[in-house]
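Student: Any chance you can model this:
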Amino acid sequence: GMSQRHDVVTVRRYAPQRQRWFRFGSRISVIDWTDGVAPRSQTVLLVEPRRFLLLFHRLRPVRVHAGGIVWYGKHVFVAGSSTGIRVFRLDDIVRVRNRLRTKGYRYVLPQFSSYAAEHDDGAEKMTYSFMSLDRAGEEDHLVAGEYGVKGGSHRLIRYPIDRHTQLLRSDDRGWSVPTELHDRQVARMQGAVIVDGTWVVTSSNGEGIAGDLWVGRPGRFVRHGGVLPTGAEDVTYLPQRRQLWSLTEWPGRRWVYYMD
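Tutor: Residues are numbered from 1 along each chain as shown. Next up, the predicted model:
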C-alpha cells in the first residue's frame, strides 16, 4: 500500500537531579508532527554498554547534559559538555520487554561511539554545550558552541561531515579537526545555527527574564534583546519551511516553538 509522509521532530530531554530513588539521565523525545493530525510522541532513553562481571554487559543511562542534538542520516550526535560528543546509530534502537530494567522506558538507544574533547597544549578544554547542522555549503558541517557566563571563552566551532560515513571527517590518525573556530563570542550562548551563511545565536538571561537573539557573523553580531521566551535553549533551522525552531528549559514552562 501507499506510505504516508511523516514530519518528525526530535527534542532532547535531561533530568539533572535524582528523582525518587534513581536518576533518569539523557533522553530524546520523537514527535510525529504531521499537519492535520494531533502530535504523538515517544521518549527514548540513551544508554551506554558497560562491562559487568567480565562476560556480561549492562546498559547504563547516559548522563550528560545533552544541550543539543543533530540528526544526520543514520546517526544522532549529542552534545556531551566537557566529555565531547556522543554518537548514536538509529538502526540500534531497541524495544525492551522488561521496562523495569530501563527505568520504565519502552525504547532505548545504545551509544555507538564518541568523540573525546581533546585540545592543544595551553588551550582551554572545549565544552560542547549545543550543536546544529549546516548544509549550506559544498560540504555539510556540524556546528557546536560553548555556554558560559560573562568572562568565559564562549567559542563557536565547525567540523566537516563525511557524507559517505555520515560521521565527522577524520584524518589518518582518526582525529576530527575543526575547520573554523571563533573565540570570545556571546556570553550565555545556548544555541547557534547558520542560515544561508548568516549565524543565529540564542542566549539566556536567567529564570523569568526574556532571552536574546543574536544575528550576523562571529565578532559582528546584532543583538535583538528580549525577543525569546525565558530559558531559551538550542536552535535549529528547517530550510523547507524557512523556520527557526527552539525550545525552553524551565520546569512548567518548557515550550517547543518556531520563528519565521
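Student: so Asp162 bridges to which residues?
Tutor: On the basis of DSSP bridges, Asp162 is bridged to Leu167.
Student: Please report the distance of it from Glu124.
Tutor: 27 Å (CB to CB, to the nearest Å). Just so you know, the C-beta spots here come from the backbone N, C-alpha and C atoms, and that holds for glycine as well.
Student: Over to Val256?
Tutor: Val256 is 32 Å from Glu124, by CB to CB.
Student: Of those two, which one has the most company?
Tutor: Val256 (15 against 12; other CB atoms under 10 Å).
Student: Show me what the more buried one is bridged to.
Tutor: Leu247.
Student: just checking, it touches Trp245?
Tutor: Yes: assessed by CB atoms under 8 Å, Val256 is found in contact with Trp245 at 7.1 Å.
Student: Spell out which residues are contacts of both of those two.
Tutor: Val9 (CB atoms under 8 Å, 6 or more residues apart in numbering).
Student: I'd like the distance from stretch 60-73 to the chain centre, please.
Tutor: Stretch 60-73 sits 6 Å away from the centroid of its parent chain (CA atoms, centre = their mean, to the nearest Å).
Student: So for it, mean pLDDT?
Tutor: The pLDDT scores in stretch 60-73 average 87.
Student: please renumber so the chain begins at 35
Tutor: Understood, numbering begins at 35; the last thing we discussed is stretch 94-107.
Student: Tell me which residues of it come out buried.
Tutor: For stretch 94-107, a neighbour-count test (16 or more other CB atoms under 10 Å) marks 95-106 as buried.
Student: pLDDT averaged over the helix or strand containing Val256, what's the number?
Tutor: Using DSSP states H and E, Val256 maps to strand 254-262. Here strand 254-262 scores 97 as its mean pLDDT.
Student: so where's the protein shaky on pLDDT?
Tutor: For the chain, the stretches with pLDDT under 70 are 35-38, 49-58, 86-91, 135.
Student: For it, give the strand that spans the most residues.
Tutor: Longest strand of the chain, by residue count under DSSP state E: strand 74-86.
Student: So which elements touch that one?
Tutor: strand 59-66, strand 90-95, strand 141-150 (3 or more CB pairs under 8 Å, 6 or more residues apart in numbering; DSSP states H and E).
Student: returning to what we had before: can you list contacts of the strand holding Val256?
Tutor: For strand 254-262, using CB under 8 Å, 6+ apart, the contacting residues are 219-220, 233, 235-236, 244-250, 280.
Student: would you turn the residues you listed into a markdown table with secondary structure and distance to Asp205?
Tutor: Compiled in a markdown table, the contacts of strand 254-262 are given as follows (DSSP: H, G, I helix; E, B strand; the rest coil; distance: CB to CB, whole Å):
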| residue | secondary structure | distance to Asp205 |
| --- | --- | --- |
| Gln219 | coil | 26 |
| Val220 | coil | 31 |
| Trp233 | strand | 26 |
| Val235 | strand | 29 |
| Thr236 | strand | 32 |
| Ala244 | coil | 43 |
| Gly245 | strand | 38 |
| Asp246 | strand | 37 |
| Leu247 | strand | 36 |
| Trp248 | strand | 33 |
| Val249 | strand | 34 |
| Gly250 | strand | 32 |
| Ser280 | strand | 34 |
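Student: filter the residues you listed to the buried ones?
Tutor: 219-220, 233, 235-236, 245-248, 280.
Student: Which single one of the residues you listed is nearest to Val43?
Tutor: Ser280 (11.7 Å; CB to CB).
Student: check contacts around the nearest residue to the closest one once chain neighbours are set aside.
Tutor: Nearest non-adjacent residue to Ser280, counting by CB to CB, 6 or more residues apart in numbering: Val269, 4.5 Å away. Contact partners of Val269, counting by CB under 8 Å, 6+ apart, are 166, 224-227, 234-236, 278-280.
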